[in-house]
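1. heads up, no residue letters with this:
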């Protein structure tokens, strides 16, 4: 097992397209790191630079104790010498080759003896549960089986690092859940240092030891899944990692009390919030941190916001997605209780889950 370290890595395509901007990222030995962000914001470029399929414009790439790329020092170790396995987004299986030959391909490039190739291919196929498919062609396999073949091909050469580029994007929703569990289980068993890139928060939150969020090639935040979700560095991270209600307004001080005034959304904030009065701010609250009730609730952990009308109430498998209109402001809520359309409800925010962002910088200042 080895660590992967990117030190101030920049990648510029052409004269002005900045794909990565001074990325600083350390993936610990044996860690499962998920890099997430929108399409076109540098995720795949980061993977390709680690693999050696792209050269950085500036910065350094370390795999273990070996500096594999540094334009400033004139160092670039080619992909074949980095001992890295990569699973591509489309799996990139050779359609004219049977599963056995697809998996064996990197071993044949290394000119290993035939009996050793046979042994390694059958061992990894057994581990990944695809031994019975070795004599089939990719077109004869399900999506989940094709994905496992691609993973087997990446792992058969016993790489120090496994790189995965959107490996679940070609799977339907039901299979994705099983595939995530499978990939996490294999990574834990093998203890291999892994970097997976995705735009799907579900992939990141269920798989990652830590998450790195990229925006326009710049790292916005690195942390545990719970940290990134509960204490997002800014509005972009908060919105990208999960659904969140955002309300623009101002912080108002009245004596020892502090209020948020967002027009339709007005409320007293928790004591000692530490935000100066008359500051423009954006208040955020996730749908699952909102409580709706037909009756008034007395609970010190809840902040009363006001009365609203239920506009949407959709059953979503054990919960309800509810839209409440508070005067002219719509609020999204995840509730364990169903409500009738047009019903008047009282809206409460969980006091411990409120987040306040600076309106100018959009950085988290409370929460």
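-> On my side now, so go ahead. Everything quoted here is computed from the prediction, not taken from an experiment.
2. CA only for contacts and neighbour counts going forward, please
-> Will do.
3. Please enumerate the helices of this structure.
-> 43-51, 99-109, 114-127, 143-155, 173-190, 201-207, 225-230, 235-241 (DSSP state H).
4. Please identify the buried residues of the shortest one?
-> What that stands for is helix 225-230. 225, 228, 229, 230 (16 or more other C-alpha atoms under 10 Å).
5. and that helix, what does it pack onto?
-> Counting contacts by 3 or more C-alpha pairs under 8 Å, 6 or more residues apart in numbering; DSSP states H and E, helix 225-230 packs against helix 201-207, strand 210-215, helix 235-241.
6. okay if I get the buried residues of helix 225-230 as a markdown table plus pLDDT and distance to residue 78?
-> Formatted as a markdown table, the buried residues of helix 225-230 follow (pLDDT from 0 to 100; distance: C-alpha to C-alpha, whole Å):
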| residue | pLDDT | distance to residue 78 |
| --- | --- | --- |
| 225 | 97 | 33 |
| 228 | 97 | 34 |
| 229 | 97 | 37 |
| 230 | 96 | 40 |
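7. farthest residue from the center of the chain?
-> Residue farthest from the centre of the chain, counting by C-alpha atoms, centre = their mean, is residue 255 at 42.3 Å.
8. And it, how far from residue 365?
-> 21 Å (C-alpha to C-alpha, to the nearest Å).
9. ok, now residue 55?
-> Relative to residue 365, residue 55 is positioned 38 Å away (C-alpha to C-alpha).
10. These two: which has the busier surroundings?
-> Of the pair residue 55 and residue 365, residue 55 is the one with more neighbours under other C-alpha atoms under 10 Å, namely 22 against 18.
11. what's the nearest residue to the more buried one if we skip its chain neighbours?
-> residue 49 (5.9 Å; C-alpha to C-alpha, 6 or more residues apart in numbering).
12. Can you give me the neighbour number for that neighbour?
-> Neighbours of residue 49 using other C-alpha under 10 Å come to 19.
13. And the pLDDT at it?
-> Looking at residue 49, its pLDDT is 97.
14. Ok, the one 10 residues further on next?
-> Listed pLDDT for residue 59 reads 97.
15. Hmm, it is touching residue 9, no?
-> Yes: if you go by C-alpha atoms under 8 Å, residue 59 and residue 9 touch, sitting 4.1 Å apart.
16. Mind checking which of the two has more residues around it?
-> Using other C-alpha under 10 Å as the criterion, residue 59 and residue 9 rank with residue 9 on top: 23 against 20.
17. for the more buried one, what are its contacts?
-> Under the criterion of C-alpha atoms under 8 Å, 6 or more residues apart in numbering, the contact list for residue 9 reads 20, 21, 22, 23, 24, 56, 57, 58, 59, 60, 61.
18. Which members of the residues you listed are positioned in strands?
-> With strands taken from DSSP state E, the overlap with those comprises 20, 21, 22, 23, 24, 58, 59, 60, 61.
19. Mind putting the residues you listed into CSV with distance to residue 276?
-> Below are the ones in strands among the contacts of residue 9 laid out as CSV (distance: C-alpha to C-alpha, whole Å):
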residue, distance to residue 276
20, 36
21, 33
22, 33
23, 33
24, 33
58, 41
59, 40
60, 42
61, 43
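20. hang on, the earlier thing: which residues do residue 59 and residue 9 both contact?
-> Counting by C-alpha under 8 Å, 6+ apart, the shared contacts of residue 59 and residue 9 are residue 22.
21. count of neighbours near residue 192?
-> 22.
22. Can you tell me how far it is from residue 83?
-> 12 Å.
23. Give the intersection of the neighbour lists for those two.
-> Listed as contacting both residue 192 and residue 83 by C-alpha under 8 Å, 6+ apart are 160, 161.
24. what distance separates stretch 156-169 from the centre of its chain?
-> Between the centre of stretch 156-169 and the centre of its chain there are 16 Å (C-alpha atoms, centre = their mean, to the nearest Å).
25. try stretch 122-141
-> That offset, for stretch 122-141, works out to 29 Å (C-alpha atoms, centre = their mean).
26. which outside residues touch it?
-> Against stretch 122-141 from outside (C-alpha under 8 Å, 6+ apart): 93-100, 145-146, 148-149, 152, 155-156, 186.
27. And stretch 74-87, what's buried?
-> Quick answer for stretch 74-87 (16+ other C-alpha under 10 Å): 76, 79, 82, 84, 85, 86, 87.
28. Mind checking which of those residues are in strands?
-> 76, 84, 85, 86, 87.
29. tell me the contacts of the residue nearest to the first one when sequence neighbours are not counted?
-> Okay, so that is residue 76. Closest residue to residue 76 in three dimensions, ignoring its sequence neighbours and counting by C-alpha to C-alpha, 6+ apart: residue 69, at 4.4 Å. With contacts defined as C-alpha under 8 Å, 6+ apart, residue 69 is in contact with 55, 56, 60, 61, 62, 75, 76, 77.
30. again, only using 7 Å
-> 60, 61, 75, 76, 77 (C-alpha atoms under 7 Å, 6 or more residues apart in numbering).
31. Next, the contact list for the third one, please.
-> The reference is to residue 75. Going by C-alpha under 7 Å, 6+ apart, residue 75 touches 68, 69.
32. Report the beta-bridge partners for it.
-> For residue 75, the beta-bridge partners under DSSP bridges are residue 70.
33. Same question for the first one.
-> Beta-bridge pairing of residue 60, defined through DSSP bridges, involves residue 7.
34. Confirm for me that it is in contact with residue 66.
-> No: using C-alpha atoms under 7 Å, residue 60 is not in contact with residue 66, being 10.5 Å away.
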